[in-house]
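Chemist: After the sequence you'll find the predicted model.
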Amino acid sequence: MTLRLPSFRIRDERGRVVLRDGLVFCFFMRRSHGDVATGVWRALQAYRRVTPPEALVWYVKPDGEWDPLEDEGWASVRKEILETPWATGSEVRLQESHEEVGAYSVEYSGKWLDAPAWKDNGEAVSAVVFTLATDYLQKHGPDEVSALALEMVADLPLSFGYVGLGCISPGGLRSPAKKALHELCLLYPGLDVYNLRPTARSIGTRARGAYWLTFLGQPLLGQLGGMESLRERLPSGISLEPLEGERLCVRLGEWPLPGDAQSGDDMTPYHALAHVLEPYFYEERASWLIDEAFERRWMHRFKK
């Protein structure tokens, strides 16, 4: 199958890339850092096995400064994830470049949900996002991407997660990126736009949308009536794969689709899943996309 996938680089006034195309793997867990740390570390190792050595070469140290991600840096990252000394949780950010947006990045926001900073917030979660170059999908095909995703989630007690085409901008959107997003979102409704940290403070156990690979865990899957209920309500072309730990992977077709109307992308499966999930969609506490009105339209972009 020949699929036309979006390829773009949005640059700032200094010529640095601030937004680009890629694959986004994002997982939300309404669990404390200690319950998810091992799973996150294993997911990171699975990710590293399929990425080139130069994919992740910078990391943010505990003091907030960037440093080369060499052996000492990896030891620090491992300690931050598996042995974090901080009372509120663990924050990890790894990137291909610290000066501009590359294809490869990892962000993890782990929280001790019983810590004073979070115990009164019933919507805070631990969350992690990985990004890959779109070329990986084109070179290896969708089944290998799906297999990688399943390996990554194997030990994650997620409530919601997804994999799909997206707009990569680690750490949040800069002004030039926001301006470009308006057009990109209209052209390609299948593209994901994410900002991990604010979303991880407010998503709780709700859904973020319909994606090529949509992962449903508890309690969300139970609220939806379980796999058999979803099978009855979704078109026959949508694949449902049960996973250990009362979780489910929903696959919307062979390839992830950007939703390009000119290419005739059939987004019917996305509309169908969005219709089922919509009662459980969340809304951000603070708008970070463009403005609240646009953000609301984008969140409900597959609503007929």
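Modeler: On my side now, so go ahead.

Chemist: Which helix in the chain has the most residues?
Modeler: In terms of residue count, the longest helix belonging to the chain (DSSP state H) is helix 33-50.

Chemist: Show me what counts as buried in that helix.
Modeler: Residues 33, 35, 36, 37, 39, 40, 43, 44, 46, 47, 48 are the ones in helix 33-50 that count as buried (16 or more other C-beta atoms under 10 Å). To be clear about C-beta, it is placed using only N, CA and C from the backbone, and glycine gets the same treatment.

Chemist: neighbouring strands for the strand ranked longest in the chain, and are they parallel or not?
Modeler: In the chain, with assignment by DSSP state E, the single longest strand is strand 17-29. The pairing partners recorded for strand 17-29 under DSSP bridges are strand 9-11 (antiparallel), strand 126-132 (antiparallel), strand 160-168 (antiparallel).

Chemist: count of residues packed around residue 99?
Modeler: Neighbourhood size, residue 99 [other C-beta atoms under 10 Å]: 11.

Chemist: Kindly state the pLDDT recorded for the residue lying closest to it once chain neighbours are set aside?
Modeler: In this structure, residue 99 finds its nearest non-sequential neighbour in residue 16, 6.2 Å apart by C-beta to C-beta, 6 or more residues apart in numbering. Predicted confidence (pLDDT) for residue 16: 93.

Chemist: where are the low-confidence patches of the stretch 1-150 of the chain?
Modeler: By pLDDT under 70, the low-scoring segments of the stretch 1-150 of the chain are 1-2.

Chemist: In it, mark out all the strands, start to finish.
Modeler: Applying DSSP state E, counting those that start in this stretch to the stretch 1-150 of the chain gives strands spanning 9-11, 17-29, 58-60, 66-68, 89-95, 105-111, 126-132.

Chemist: so of those, which one's packed in deepest?
Modeler: Between the strands of the stretch 1-150 of the chain, strand 126-132 has the highest mean count of neighbours, a mean of 27, where neighbours are mean count of other C-beta atoms under 10 Å.

Chemist: Please export the C-alpha coordinates of it as PDB.
Modeler: The C-alpha trace of strand 126-132 is given here as PDB (Å, rounded to 0.1, in the frame of the first residue of the first chain):
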ATOM      1  CA  SER A 126       1.600   9.600  35.600                       C
ATOM      2  CA  ALA A 127       2.200   9.800  31.900                       C
ATOM      3  CA  VAL A 128       4.900   9.200  29.200                       C
ATOM      4  CA  VAL A 129       5.300  10.100  25.500                       C
ATOM      5  CA  PHE A 130       7.700   8.700  23.000                       C
ATOM      6  CA  THR A 131       8.200  10.100  19.400                       C
ATOM      7  CA  LEU A 132       9.600   8.500  16.300                       C
END
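
Chemist: how far does it sit from the chain's center?
Modeler: Relative to its parent chain, strand 126-132 has a centroid offset of 5 Å by C-alpha atoms, centre = their mean, to the nearest Å.

Chemist: go on, stretch 186-206?
Modeler: 7 Å.

Chemist: Same question for stretch 34-41.
Modeler: 17 Å.

Chemist: So residue 43 sits against residue 153, correct?
Modeler: Yes: Residue 43 lies in contact with residue 153 (C-beta atoms under 8 Å); the separation is 7.2 Å.

Chemist: Tell me how far the residue nearest to residue 99 lies from residue 73.
Modeler: 23 Å (C-beta to C-beta, to the nearest Å).

Chemist: And residue 260, by the same measure?
Modeler: Relative to residue 73, and taking C-beta to C-beta, residue 260 is found at 39 Å.

Chemist: and what of residue 264?
Modeler: 46 Å.

Chemist: Residue 152 too?
Modeler: Following C-beta to C-beta, the distance that separates residue 152 from residue 73 is 22 Å.

Chemist: So the two - more neighbours on which side?
Modeler: For residue 152 versus residue 73, neighbours defined as other C-beta under 10 Å are more numerous around residue 152 (24 against 17).

Chemist: what helix or strand is that one on?
Modeler: In the assignment (DSSP states H and E), residue 152 maps to helix 142-153.

Chemist: and the direction of that helix versus that of helix 33-50, what angle?
Modeler: 150 degrees (axes from the mean of the first three to the mean of the last three C-alpha atoms, to 10 degrees).

Chemist: Could you pull out the helices in the protein for me?
Modeler: 33-50, 71-82, 134-140, 142-153, 175-187, 196-200, 220-223, 226-233, 268-277, 292-299.
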